[in-house]
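> compute the structure for the input listed below.
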Amino acid sequence: MCLPAAAIVGIATGLMSAVQSIAGYQAQSQAAKASEQAYQQQRTLNQEAANRAYQQTQLKMKGEMDKASQQAEQGLVRRLQAQGTVLASGRTGQSIGGLLADAERVEGKDLGALGMNLAYAQQDYFFGMESVFQQQQNANIAAASQRKAKPSAGSLALGLVGAGLSGYNAYAGLKAPAAGGGGGGYTGGGDGGYNTQLPDYGQYKPPAYGN
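Numbering: from 1, shown residues only. This next block holds a predicted model:
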């Protein structure tokens with residue numbers, strides 16, 4: 001049994017639309033998958049960069065602490081040497097106590113300066129760690145903005161429905177009109193033309209309005 005040409009065109013149109021919908025869905029799915037992989041890779045790179053920055057910040061703080069520790073030891077050595085020199089001089093009385101106290105005051109002043117420097121270094125350390133964290137978060141947000149959403153199954157279903165409708169519309173547009181019909185219209189004459197002759201209503205007679 002042969003299908004009419006309109007039906008063939010409608011089926012072909014619907015199938016082409018359906019194939020296009022499926023191909024588009026698959027392309028979007030693959031693009032979303034590749035986008036997700038790129039996003040995860042970028043997050044890994046951002047984490048690695050943050051770890052390096054954290055390590056550098058921590059090493060800088062450790063260097064400041066090691067430096068302060070060495071300076072504190074050097075101050076202790078200087079105080080002991082100064083006090084030893086005073087004691088070795090053979091002095092007695094209140095003067096020797098003052099000299100020993102002076103050596104301790106010098107050491108205490110140096111330790112106070114070291115403590116202040118360490119406080120500033122620690123403050124810079126916390127600011128640096130916070131800055132690294134914020135940079136990582138901003139980099140992750142920027143990477144997330146490049147992600148492509150995975151198409152939903154509902155969009156594919158709508159595309160297939162639309163393909164069916166396009167096929168039906170193509171079929172309906174080419175389908176021949178049904179023969180016959182009860183519609184009115186002008187009645188043609190014997191020669192196939194329209195009948196332009198007016199109907200005969202008889203001779204006009206005016207109404208009587210009285211004598």
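> ok, residue 53 - contacts?
128, 132, 135 (CB atoms under 8 Å, 6 or more residues apart in numbering). C-beta coordinates here come from the backbone N, C-alpha and C atoms, glycine included.
> so the second one, which state does it fall into?
Just to be clear, that refers to residue 132. helix (DSSP: H, G, I helix; E, B strand; the rest coil).
> in terms of pLDDT, where does it sit?
Looking at residue 132, its pLDDT stands at 95.
> thinking again about what came up before, mark which of the contacts of residue 53 are buried, thanks.
128, 132 (16 or more other CB atoms under 10 Å).
> and of the contacts of residue 53, the nearest to residue 141?
The nearest member of the contacts of residue 53 to residue 141, counting by CB to CB, is residue 135 at 10.8 Å.
> and that closest one, how far from residue 31?
28 Å (CB to CB, to the nearest Å).
> now swap in residue 145 and tell me
To residue 31, residue 145 is 15 Å away according to CB to CB.
> more neighbours, the two?
residue 31 (14 against 8; other CB atoms under 10 Å).
> which SSE is residue 91 in?
Using DSSP states H and E, residue 91 falls within no helix or strand.
> number of residues surrounding it?
12.
> which residues touch it?
residue 99.
> one more: residue 150?
28-29, 32-33, 36.
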